[in-house]
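>>> need a structure here:
(one chain, ligands or ions: 1)
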Amino acid sequence: MNITMENLYKIYNNKKVLDIGNLTFEKNKIYGIVGPNGAGKSTLLKIIASLEKPTEGIILYESSPISSENLKGMTYVSQNPYLLDRSCFNNISYPLQIRKMDNKTIEDRVLTIMKDFKIEYLKEQMATKLSAGEGQKVALARALVFKPELLLLDEPTANMDPSSIEMVEHILLNKIKPLGTTIIIITHNIGQAKRICDEIVYIEDGIIYEKEENNNFFRTDNLKTRKFLSLEYTDMGWKYGNV
Ligand SMILES: Nc1ncnc2c1ncn2[C@@H]1O[C@H](COP(=O)(O)OP(=O)(O)OP(=O)(O)O)[C@@H](O)[C@H]1O
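Numbers count the residues shown, from 1 in each chain. As a prediction, this is how the structure comes out:
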């Protein structure tokens with residue numbers, strides 16, 4: 001799903017926390033959103049997810065305003081995902097149940113995605129009794145099981161161990177992106193942005209200072225982005241401070 005935003009801003013308590021002139025996201029790409037705490041990243045994602053309204057401005061999905069059809073094709077996973085007080089199997093099958101798929105298809109798809117995320121052992125466990133990392137995996141599996149056209153992820157691997165992070169990155173790159181999905185991912189893990197994103201957006205004080213193709217992003221001349229990344233230029237070329 002292609003997304004376009006024009007002259008859009010959001011005010012909270014008399015403060016402009018997001019101010020966008022022009023921003024587009026295209027299908028079949030993974031976008032990273034990076035920037036300091038309080039920069040406006042989650043606000044941007046919530047506006048795209050239609051969970052928050054902009055104070056002013058335009059946001060279009062495939063050139064049209066939000067519709068129930070657009071909403072059906074998108075999914076948003078928050079920093080602290082809300083899971084239903086049911087088994088993990090039930091949580092993950094929920095998006096398929098509300099789309100009225102038949103039981104056999106539901107079971108096949110849920111078991112396949114649980115296998116992808118290596119969480120088959122959680123099938124019967126109550127989703128409200130999980131560790132933080134397990135909860136993120138179940139929430140991601142629930143988001144991916146219906147093959148969304150637009151996938152909005154707010155720090156999806158923040159609580160995961162290194163091999164789980166690698167597994168999730170593999171799933172996004174090799175199983176979800178090839179479906180033509182637009183993936184927008186907020187991350188504080190700059191190495192993750194470098195590994196999986198086609199383009200990276202740098203946001204600070206609600207303003208987008210940079211939206212660049214991955215390699216170019218790490219060769220930026222923008223002083224704010226460079227400071228954030230702790231980029232240094234050495235005789236060997238660019239050195240990534242915290243990548
Ligand atoms: N519902 C709200 N009411 C009032 N202010 C809000 C609300 N949500 C966010 N803000 C403010 O808007 C600004 C942007 O917040 P946002 O959550 O978008 O930042 P962020 O870049 O996602 O930060 P982090 O990296 O810490 O998650 C912050 O100053 C925050 O305090």
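
>>> Contact residues of this structure facing the ligand?
The chain has residues 12-13, 17, 35, 37-43 near the ligand, with proximity defined as C-beta under 6 Å from any ligand atom. (Glycine included, C-beta is placed from N, CA and C.)

>>> Including neighbour count, pLDDT and distance to E155, could those residues go into CSV?
Compiled in CSV, the residues of the chain next to the ligand are given as follows (neighbours: other C-beta atoms under 10 Å; pLDDT from 0 to 100; distance: C-beta to C-beta, whole Å):
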residue, neighbour count, pLDDT, distance to E155
Y12, 13, 97, 20
N13, 5, 95, 24
V17, 18, 98, 18
G35, 24, 95, 12
N37, 6, 94, 11
G38, 12, 95, 14
A39, 23, 97, 13
G40, 25, 97, 14
K41, 24, 97, 9
S42, 18, 97, 9
T43, 19, 97, 14
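
>>> Show me the shaky parts of this protein.
Scanning the chain with the threshold set as pLDDT under 70 gives 231-243.

>>> Spell out, range by range, the strands that occur in the protein.
Residue ranges of the strands in the chain, as given by DSSP state E, are 3-12, 15-25, 30-34, 56-61, 74-77, 150-154, 182-186, 199-204, 207-213, 232-234, 237-239.

>>> For the residue nearest the centre of the chain, name its beta-bridge partners.
Geometric centre of the chain, nearest residue: L153, 2.2 Å, by C-alpha atoms, centre = their mean. L153 has the following beta-bridge partners by DSSP bridges: V77, I185.

>>> need the contact list for it.
Counting by C-beta atoms under 8 Å, 6 or more residues apart in numbering, L153 touches 76-77, 140, 143, 183-186.

>>> quick check: domain ranges of the chain?
By the assignment in automatic domain parsing, the chain contains the domains 3-73+149-240, 82-147.

>>> Look up how far the ligand lies from N70.
22 Å (C-beta to the nearest ligand atom, to the nearest Å).

>>> Ignore what I typed, I meant F217.
Applying C-beta to the nearest ligand atom to F217 and the ligand gives a distance of 18 Å.

>>> Need the nearest residue in space to E213, chain neighbours excluded.
Closest residue in space to E213, ignoring its immediate chain neighbours: E199 at 5.6 Å, by C-beta to C-beta, 6 or more residues apart in numbering.

>>> wait, doesn't the one you found sit right on E210?
No. With contact defined as C-beta atoms under 8 Å, E199 does not count as touching E210 (9.8 Å).

>>> and the strands of the chain as a markdown table, adding distance to A132?
Supplementary listing: those in a markdown table, determined by distance: least, C-beta to C-beta, whole Å:
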| stretch | distance to A132 |
| --- | --- |
| strand 3-12 | 27 |
| strand 15-25 | 27 |
| strand 30-34 | 21 |
| strand 56-61 | 31 |
| strand 74-77 | 14 |
| strand 150-154 | 14 |
| strand 182-186 | 17 |
| strand 199-204 | 25 |
| strand 207-213 | 30 |
| strand 232-234 | 34 |
| strand 237-239 | 33 |
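
>>> who touches P65 in this structure?
Counting by C-beta under 8 Å, 6+ apart, P65 touches I59.

>>> typo on my end, I47
5, 8, 10, 18, 53-54, 59.

>>> And for I200?
31-34, 193, 210-212, 214, 217.

>>> Report the beta-bridge partners for it.
Under DSSP bridges, the beta-bridge partners of I200 are G32, E212.
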